[in-house]
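>>> I would like the atomic coordinates for the input below:
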Amino acid sequence: MKRLVKLIFFATAAISFAACGGPANNAPASNANANSNASSNANAAKPVAAAPTVDTLLAMDKEANAAYIKGDSKFFETFLSDKFVIYDHGQRVDRAATIKMIGGVKCAIKDGWTLTDPQMAKIDNDTYVVSYKSNMEGTCTMGGKTEKQPSPVRASSVWIRSGDKWMAAFHGENPIIDPKAPPPPPKKVEPKKADPKKEDKPAVNSDSIASVAKPKPDANTDALVKVHTSGWEAFKAKDAKKFDEITSANLSFVDAVGAWYGSKAAVIKLWTETTKCEGITKVGVSDGFASALSPTVELLTAKGTADGKCDGQKNGDLYQTAVYVKEGDAWKLAFMVESAAM
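As a prediction, this is how the structure comes out:
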């Protein structure tokens, strides 16, 4: 995860009262009206967070990075939206699980780490994306396993307005890789053979699992998966017209090697012209799961796949997090980040 600071902007509102005249016996009614108007105006004067700048969002992400390095899970209790999701290696991780995970992190990161090249994209008035390069040297230990942190990475956070502040609703990171020199595939690890002398015992009581309600995709999931699948079909056909139809004017994208594309024209050109593909005969989308960030913005996680090759590399599965915005009666893709399924 990465940093973020609470931003509170207070909006001011002028409250005007109409003068009331008339006989003395009308005073109680006039006072009642005045109290009603005051109450109404007080509600209207609730503070609302101002539209963010790229600098304010980057500053908040920096705070989150610092808190993550220290394993400060308490920081994230007022930082992450109730709708927060991470999509890691094909697994959706919600707010509660993320905060619990951060509490067990121990990092040894060298001083001087930086967040650079910030980019911001608007999804709608209440939803923004900020993406940046993170450079950190060091290790982090989680679950008893210590690993070197990949660096540099392209990180992306989705921010939603919540009253008088902005809160994180998604965070993802992709190592920045030279596509001409990809890293070697991970070594295959042979599974350990079971010891027949030891009885396998469940790590968690089955009754406790049954008592916990698993999250369910929302009612728009099927519709969003259908649109998303049409995007993969458009990719196979190199159909720029279809992409123009199913994407918003503010479309932005982070690819699997950590590159940022900040305009609709640039993204469509990448998918239909720049990426050279051959032998694609079938595409598909599976494991679709959508959750609402607002009545008109949905976050869809899914696994997309294609056969054949692109840019000389064999295609495979891609884990994708896509933010869709509703324009009229249509859902349109506004932002997406994808990572290779290793």
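>>> use CA for all of it now, contacts and neighbours both
OK.
>>> Domain ranges for the protein, per the record?
Segmentation of the chain into domains, based on automatic domain parsing, reads 54-175, 221-340.
>>> Now distance to Val48, mean pLDDT and mean neighbour count too, for those domains, in JSON lines please.
Rendered in JSON lines, the data for these read as follows (distance: least, Cα to Cα, whole Å; pLDDT from 0 to 100; neighbours: other Cα atoms under 10 Å):
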{"stretch": "domain 54-175", "distance to Val48": "4", "mean pLDDT": "96", "mean neighbour count": "19"}
{"stretch": "domain 221-340", "distance to Val48": "16", "mean pLDDT": "97", "mean neighbour count": "19"}
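>>> what residues does the host helix or strand of Tyr132 touch?
With the criterion set as DSSP states H and E, the secondary-structure element containing Tyr132 is strand 127-135. Taking Cα atoms under 8 Å, 6 or more residues apart in numbering as the criterion, the residues outside strand 127-135 that touch it are 54, 57-58, 113-123, 151-161, 260, 335.
>>> Give me the distance between it and the centre of its chain.
Between the mean C-alpha point of strand 127-135 and the mean C-alpha point of its chain there is a distance of 10 Å (Cα atoms, centre = their mean, to the nearest Å).
>>> before we move on, what about stretch 232-247?
Between the mean C-alpha point of stretch 232-247 and the mean C-alpha point of its chain there is a distance of 23 Å (Cα atoms, centre = their mean).
>>> Kindly export it (C-alpha atoms) in PDB.
The C-alpha trace of stretch 232-247 is given here as PDB (Å, rounded to 0.1, in the frame of the first residue of the first chain):
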ATOM      1  CA  TRP A 232     -11.400  -8.200 -25.400                       C
ATOM      2  CA  GLU A 233     -13.300  -9.000 -28.600                       C
ATOM      3  CA  ALA A 234     -12.400  -5.500 -29.900                       C
ATOM      4  CA  PHE A 235      -8.800  -6.100 -29.000                       C
ATOM      5  CA  LYS A 236      -8.800  -9.300 -31.000                       C
ATOM      6  CA  ALA A 237     -10.400  -7.500 -34.000                       C
ATOM      7  CA  LYS A 238      -8.300  -4.300 -33.500                       C
ATOM      8  CA  ASP A 239     -11.700  -2.500 -33.500                       C
ATOM      9  CA  ALA A 240     -11.000   1.200 -32.600                       C
ATOM     10  CA  LYS A 241     -14.600   2.100 -33.200                       C
ATOM     11  CA  LYS A 242     -15.800  -0.400 -30.600                       C
ATOM     12  CA  PHE A 243     -13.300   0.900 -28.100                       C
ATOM     13  CA  ASP A 244     -14.400   4.400 -28.700                       C
ATOM     14  CA  GLU A 245     -18.000   3.300 -28.000                       C
ATOM     15  CA  ILE A 246     -17.400   1.500 -24.700                       C
ATOM     16  CA  THR A 247     -14.800   3.800 -23.100                       C
END
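>>> related to what we said a few turns ago, rebuild the domains of the chain as CSV, extending it with distance to Pro47.
Output for the domains of the chain, formatted as CSV (distance: least, Cα to Cα, whole Å):
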stretch, distance to Pro47
domain 54-175, 5
domain 221-340, 19
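>>> picking that back up, sort out for me which of the contacts of strand 127-135 are in helices.
In this view, those that belong to helices under DSSP state H are 54, 57-58.
>>> Among these, which one lies nearest to Thr221?
Proximity of those to Thr221, judged by Cα to Cα, is greatest for Leu57, which lies at 28.8 Å.
>>> Give the bridge partners for the residue lying closest to the closest one once chain neighbours are set aside, please.
In space, not counting the residues next to it along the chain, Leu57 is nearest to Val130; the distance is 6.6 Å by Cα to Cα, 6 or more residues apart in numbering. The bridge-partner assignment for Val130, based on DSSP bridges, gives Met120, Ser157.
>>> Please determine how far Val130 is located from Phe84.
With distances taken as Cα to Cα, to the nearest Å, Val130 is found 15 Å from Phe84.
>>> Check Arg161 too.
Arg161 sits 13 Å away from Phe84, going by Cα to Cα.
>>> Can I get stretch 106-114 in PDB? Just the C-alpha atoms.
Taking Å, rounded to 0.1, in the frame of the first residue of the first chain, the C-alpha atoms of stretch 106-114 are listed here in PDB:
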ATOM      1  CA  LYS A 106       7.900  -5.300   9.100                       C
ATOM      2  CA  CYS A 107      10.000  -3.400   6.600                       C
ATOM      3  CA  ALA A 108      13.700  -2.300   6.300                       C
ATOM      4  CA  ILE A 109      13.600   0.300   3.600                       C
ATOM      5  CA  LYS A 110      16.600   2.600   3.000                       C
ATOM      6  CA  ASP A 111      16.100   6.400   3.500                       C
ATOM      7  CA  GLY A 112      15.600   8.500   0.400                       C
ATOM      8  CA  TRP A 113      12.800   6.500  -1.200                       C
ATOM      9  CA  THR A 114      10.800   8.600  -3.700                       C
END
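>>> That'll do, ta.
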